[in-house]
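Undergrad: here's a sequence, model it:
(one chain, ligands or ions: 1)
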Amino acid sequence: MTNKQTIVSGIQPTGRLHLGNYLGALKNFIKLQNDYQCYFFIADYHSITENYNPKDKPQQILNLAADMLAAGLNPKKCALFVQSDIPAHTELAWIFNCLTPISYLERMTQYKDKAARQKENINVGLFDYPVLQAADILIYHATAVPVGQDQDQHVELTRQVARFFNNRFGQTFTEPKSLHTETPKIMSLADPDKKMSKSLGDNHCLYIDDEPKIIAAKLAKAPTDSGDAKSAGAKNLLTLSKIFSSEKLYNQYLAAAKSGGLRYGDLKKNLAADIAAHFTDYRQAKQTLLKNPDQIRKVLAAGARVASAVAKKTMAEVREKIGISY
Ligand code: TYM
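TA: Purely as a prediction, here's the structure:
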């Protein structure tokens with residue numbers, strides 16, 4: 001047994017990872033795997049609440065696993081698995097459904113946004129999404145959840161669900177907290193008043209596997225102000241430069257911005273080169289991994305074995321406590 005604290009987080013297999021996913025979540029997973037007991041998973045059940053084509057899903061799952069491994073997750077340091085390989089997540093979600101008031105879910109802003117986007121498919125799964133997320137987290141007794149800011153409301157609901165369960169059936173679940181990076185909300189390139197999100201469209205996102213030329217072209221089009229760095233676009237670019245550029249260069253940009261003389265053309269060109277360079281090894285590693293999907297499947301199966309053992313133990317305790325163990 002280890003006395004490390006436990007963290008849990010998931011990413012949906014819905015396409016390519018953008019800088020928001022990386023800087024808000026994945027980059028932190030890679031850092032935290034050294035200090036925590038980690039469960040990281042591909043949230044395929046969450047992803048089917050949105051419109052999708054079943055033909056695309058298997059490759060999206062393998063691509064995301066390749067992304068996570070290529071970016072630096074080490075399967076020896078964390079359990080990396082696919083959510084649907086651990087049926088106990090959905091089983092626990094059902095039990096939590098019977099404790100969660102509908103009114104709590106009606107308040108969820110992400111549900112309201114998504115429902116507004118897919119009016120023809122406002123399904124029960126979309127509504128119940130945060131309850132499954134609570135089960136994902138609580139089943140491993142996580143104390144923290146590394147996520148971007150947009151997930152805070154779901155983590156708050158997870159704490160409430162833990163409380164509902166503990167109050168009714170006795171102390172069982174820990175109330176976890178969100179764990180943020182220094183960049184919990186990366187903004188869109190094309191419309192920097194909005195959060196970077198795939199649903200806005202490809203021109204709003206920098207994908208971490210974008211080729212250098214594409215990165216340069218997307219950054220070149222990003223709106224900025226005339227120099228004083230007060231606009232959302234300028235702030236977003238400076239945030240990215242703080243992360244990807246050298247400290248010296250970033251400090252120069254910052255000083256220039258303060259005096260009103262920042263040349264955004266230069267910043268964008270250098271930033272594009274720095275971002276492309278940052279992801280060079282990742283891009284190559286991803287290509288190599290995808291040539292051998294069976295190796296990826298093996299990693300996911302091994303991760304599922306580790307997760308399953310813990311999930312089964314939690315479920316035995318839960319069944320006993322709620323009175324269905326006979
Ligand atoms: P998903 O796939 O939508 O997002 C994956 C992670 O990326 C973060 N993120 C951002 N961070 C900063 N700036 C942005 N613009 C940005 N866009 C996305 C998200 O906050 C997230 O951390 N519901 C989760 C998946 C999930 C989950 C869980 C997470 C399912 N079960 C249990 C934690 C624990 C989601 O939205 O993933």
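
Undergrad: report the contact partners of the residue in the stretch 51-200 of the chain positioned nearest to the ligand.
TA: At 2.3 Å from the ligand, Gly148 is the closest residue in the stretch 51-200 of the chain, using Cβ to the nearest ligand atom. All C-beta spots, glycine's among them, are computed from the backbone N, C-alpha and C. Listed by Cβ atoms under 8 Å, 6 or more residues apart in numbering, the contact partners of Gly148 are 20-21, 24-25, 180, 184-186.

Undergrad: out of the residues you listed, which are close to the ligand?
TA: Residues of those in contact with the ligand (Cβ under 6 Å from any ligand atom): 20-21, 24-25, 184-186.

Undergrad: of those - the most surrounded one?
TA: With neighbours set by other Cβ atoms under 10 Å, the maximum within the ones next to the ligand among the contacts of Gly148 is found at Ile186, which has 26 neighbours.

Undergrad: what helix or strand is the residue nearest to that one when sequence neighbours are not counted on?
TA: Among residues not flanking Ile186 along the chain, Gly20 sits closest, at 4.0 Å (Cβ to Cβ, 6 or more residues apart in numbering). Applying DSSP states H and E as the criterion places Gly20 in helix 19-21.

Undergrad: please work out the average pLDDT along that helix.
TA: Mean pLDDT, computed over helix 19-21, is 98.

Undergrad: can you list contacts of that helix?
TA: By Cβ under 8 Å, 6+ apart, helix 19-21 touches 11, 148, 185-186, 195-197, 205-208, 240, 275.

Undergrad: can you pull out the helices in the stretch 201-326 of the chain?
TA: 212-221, 232-244, 247-258, 264-278, 280-290, 293-322 (DSSP state H, counting those that start in this stretch).

Undergrad: output the fifth one as PDB - backbone C-alpha positions only.
TA: The C-alpha trace of helix 280-290 is given here as PDB (Å, rounded to 0.1, in the frame of the first residue of the first chain):
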ATOM      1  CA  THR A 280       7.800  18.200 -31.800                       C
ATOM      2  CA  ASP A 281       8.700  15.100 -29.700                       C
ATOM      3  CA  TYR A 282       5.000  14.600 -28.900                       C
ATOM      4  CA  ARG A 283       4.000  14.700 -32.600                       C
ATOM      5  CA  GLN A 284       6.700  12.100 -33.500                       C
ATOM      6  CA  ALA A 285       5.800   9.800 -30.500                       C
ATOM      7  CA  LYS A 286       2.100   9.900 -31.400                       C
ATOM      8  CA  GLN A 287       2.800   8.800 -35.000                       C
ATOM      9  CA  THR A 288       5.000   5.900 -33.700                       C
ATOM     10  CA  LEU A 289       2.400   4.800 -31.100                       C
ATOM     11  CA  LEU A 290      -0.400   4.800 -33.700                       C
END
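
Undergrad: what does the chain have sitting close to the ligand?
TA: So the chain meets the ligand at 8-12, 20-21, 24-25, 43, 46, 133, 136-137, 145, 147-148, 150-151, 154, 184-186, 195-197 (Cβ under 6 Å from any ligand atom).
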